[in-house]
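Engineer: I'd like to go over a predicted model; first the sequence, then the structure.
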Amino acid sequence: MSIIFTIGVFISLFQFVLLLNKKSKSIPDKILAAWMLVIAIHLTGYYLYYLGYWDKYPHLVGTTVPFPLFYGPLLYLYTSYSLKSDEYIRKLDYLHFTPIIFSYLYLFKFYFFYSAAEKRLLDRGEINDFDVFTTILLLAFILSGVGYSFVSYRLLNKHKQLIENNFSNTENIELNWLKSIIWGIGLLFLIVAFLIVTREWFNISFSINPDYIIYSLLVLAILSLGYFGIRHQNIFIDNTIVVKEIKQEGEYKNSGLKDDVAKSIHGHLLQLMSNEKPYLEPKLTLNTLADLLATSPNHLSQIINQFEQKNFNDFINKYRVEEFILQATINAHYSLLALALDAGFNSKSTFNTVFKKHKGVSPSQHIATLQK
């Protein structure tokens, strides 16, 4: 067990230092650095408890008890600010930490007015002055962890829809790694909740100490979060990128775009795609294409959605896939990757994913079928 705490504290502090020394730190970097410090302090506090220092130095009892309430808000704020170009954290966002403040205020009497002997007795469970508070704190931790994980996941899904409506290539701004981490952290909250509830409320004993499982999973989460977080670059670092909130289908009736105008723009769009092939530009965006058609991004998005039944990303990549297939039949001596890059894709992984999405098979399988 000691090795788990040692690794966890070392990694979280090491990643905290790396993030502090990262050049051009963004708001998510600063939030993640704070999170790593919170984890290091929390693990250190529990490690001291595990080693028996709370009994030896009773004034340490309960000092980090409210710390689990940091995790949910920090996950949410990290996710939220990863999707924004803000330079400062909004003051209202600090309200997410009010449960922690109230917890410490409630424990003020315990910290400063309980004797060392009373703190030992409380730690050993021989007095139950804070049983109700502990139960409320546990419920708050579960609700906070699961709730913030759910909200963070919804934010990422909304972001995914937003970038697919604005960008033809989404590889560096999709944040799929963060979605996986949110899943992992949400699952960790549920596992911790299950183990604590079954042990503390139903007095069910396990053949292995549940703390081994809980803190091993936490160390794994620290490794993953820190690794990807340190590598993560601010997706809004290019200030020329303008992401617009595109109206949803149900809002189109209020867009003011008349049917005959929409049909005319759609016709010009198809003509432009056929004659000038703007999709060959890997960095093509909705704004750029709208400028070429002298229309607004919202109107263009509406037209693509209504007439093509696709979002902007799928619409452009459909043309790229067909361009690739055409060039593959004409220039069979070129590599598939070279043809994919010429068709407007920006990487092999994106190309393979998009091609399979549109054709249901891999590029090599499709080309082999055509050559038969």
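Structural biologist: Done, it's in. Numbers count the residues shown, from 1 in each chain.

Engineer: for Asn311, give me its contacts.
Structural biologist: Gln161, Glu164, Asn165, Ser301, Ile304, Asn305 (CB atoms under 8 Å, 6 or more residues apart in numbering). Every residue, glycine included, has its C-beta placed from N, CA and C.

Engineer: mind doing that once more with 6 Å?
Structural biologist: Residues near Asn311 by CB atoms under 6 Å, 6 or more residues apart in numbering: Glu164, Asn165.

Engineer: quick one: low-confidence ranges for the stretch 201-350 of the chain?
Structural biologist: 231-255 (pLDDT under 70).

Engineer: which residue ranges of it form strands?
Structural biologist: Using DSSP state E, counting those that start in this stretch, no strands are found in the stretch 201-350 of the chain.

Engineer: which residues in it form helices?
Structural biologist: For the stretch 201-350 of the chain, helices defined by DSSP state H, counting those that start in this stretch occupy the ranges 210-231, 259-275, 286-292, 297-308, 312-330, 336-342, 348-359.

Engineer: what comes up buried for the second one?
Structural biologist: Taking 16 or more other CB atoms under 10 Å as the basis for neighbour counts, the residues of helix 259-275 that come out buried are Ala262, Ile265, His266, Leu269, Met273.

Engineer: what does it rub up against?
Structural biologist: With CB under 6 Å, 6+ apart, helix 259-275 has contacts from Leu293, Thr295, Ile303, Phe307, Tyr319.

Engineer: what subset of these is buried?
Structural biologist: By 16+ other CB under 10 Å, those give Leu293, Thr295, Ile303, Phe307, Tyr319 as buried.

Engineer: now for those: which two are most distant?
Structural biologist: Thr295 and Tyr319 (18.5 Å; CB to CB).

Engineer: and the helix or strand where Lys109 lies, average pLDDT?
Structural biologist: According to DSSP states H and E, Lys109 maps onto helix 108-113. Mean pLDDT, helix 108-113: 93.

Engineer: the residue most distant from the middle of this structure, which is it?
Structural biologist: Ala117 (45.2 Å; CA atoms, centre = their mean).

Engineer: tell me how many other residues surround Gly344.
Structural biologist: Neighbour count of Gly344, defined by other CB atoms under 10 Å: 24.

Engineer: and if you look at Pro66?
Structural biologist: 21.

Engineer: next one: Lys359
Structural biologist: Neighbour tally, Lys359, other CB under 10 Å: 15.

Engineer: over to the closest residue to Asn169 other than its chain neighbours: give its phi and psi.
Structural biologist: With CB to CB, 6 or more residues apart in numbering as the criterion, Asn169 has its nearest non-adjacent residue at 4.9 Å, and that residue is Asn346. With angles defined as degrees, to the nearest 10, Asn346 sits at phi -110, psi 0.

Engineer: check Phe167 too.
Structural biologist: Note on Phe167: its backbone torsions stand at phi -120, psi 150 [degrees, to the nearest 10].

Engineer: re earlier: would you turn the buried residues of helix 259-275 into JSON lines with distance to Leu138?
Structural biologist: JSON lines is the format used below for the buried residues of helix 259-275 (distance: CB to CB, whole Å):
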{"residue": "Ala262", "distance to Leu138": "56"}
{"residue": "Ile265", "distance to Leu138": "57"}
{"residue": "His266", "distance to Leu138": "57"}
{"residue": "Leu269", "distance to Leu138": "56"}
{"residue": "Met273", "distance to Leu138": "57"}
